[in-house]
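Asks: quick one, what's the 3D model for this:
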Amino acid sequence: MTANRGLALFRYFFAALCLAALVGQFTYNVQNIADYRPLNFFSFFTVESNIIATATFAIAGWYAWQGRTARWLQLLRGAATMYMTITGITYSLLLSNIEVDTAVPWINVVLHYTMPTVIVIDWLVDLPRKRISLKESLIWLAFPLAYLVYSLLRGPFADWYPYPFLDPRIEGYGHVVFMSVLIAVLAFVLAVVIALSTKLQDTVPHAAAELPAEVR
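Replies: So this is what the prediction gives:
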């Protein structure tokens, strides 16, 4: 088995595990929570970031199986790595003792601990050959910003917020703004760190060789 095939199988396995966790938790919620609103499930950043991670691993696995990669895929991998890292850090620091729709223990571990760790490992094992600039990495901030706007706009209409620190009914909008700024700073720092990590690309072996643009 080549290094590329090994990396592909690694990605396929965790894509399948994450998908099973997402489907399992959604099914559990629908079956066990009265008057459950499915849209709430898909309004958690954890769920959205894990969906992105699942899709990214599936696509990157196929490319690795072929011994190929592409610039857009490396940018997608960087974005998924940032989002999942935000998920892991935020959950560990702010939400580990709060119910966030992941009541099934093994699913909670997969979505909040396993996948954030695995995606960072995958990133470091297969760094992009071409460096990602800070300017390029700032594009990754668009999704967390859009998520914040969506959550705050939907909240009053749905009478529901995904996380306590986004709920102005608890401690007011001042607290929401403060926490949002903190998470935005975290996202920015992660974007910078992930972009800078691509400078290590000359010092580590690459599991998936990048082919010329004309053969992609």
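Asks: to the chain's geometric centre, what's the distance from stretch 170-177?
Replies: Chain-centre distance of stretch 170-177: 25 Å, with CA atoms, centre = their mean, to the nearest Å.
Asks: what does that stretch rub up against?
Replies: Residues outside stretch 170-177 that contact it (CB atoms under 8 Å, 6 or more residues apart in numbering) are 152, 164-168. The way it works is simple: take the backbone N, C-alpha and C, and place the C-beta from them, glycine included.
Asks: try stretch 82-90
Replies: Applying CB under 8 Å, 6+ apart, the set of residues contacting stretch 82-90 from outside is 45-46, 48-50, 52-53, 111-113, 115-117, 119-120, 137, 140, 143-144, 183, 186-187, 190-191, 194.
Asks: ok, 7 Å please
Replies: Outside stretch 82-90, the residues that touch it by CB atoms under 7 Å, 6 or more residues apart in numbering are 45-46, 49, 52-53, 112-113, 115-116, 119-120, 140, 143-144, 183, 186-187, 190-191, 194.
Asks: return the subset of those residues lying in helices.
Replies: Cross-referencing these with the helices (criterion: DSSP state H) gives 45-46, 49, 52-53, 115-116, 119-120, 143-144, 183, 186-187, 190-191, 194 as the overlap.
Asks: of those residues, just the buried ones, ChimeraX syntax please.
Replies: In ChimeraX, the members of these classed as buried (16 or more other CB atoms under 10 Å) are selected with the following command:
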select :45,46,49,52,53,115,116,119,120,143,144,183,186,187,190,191,194
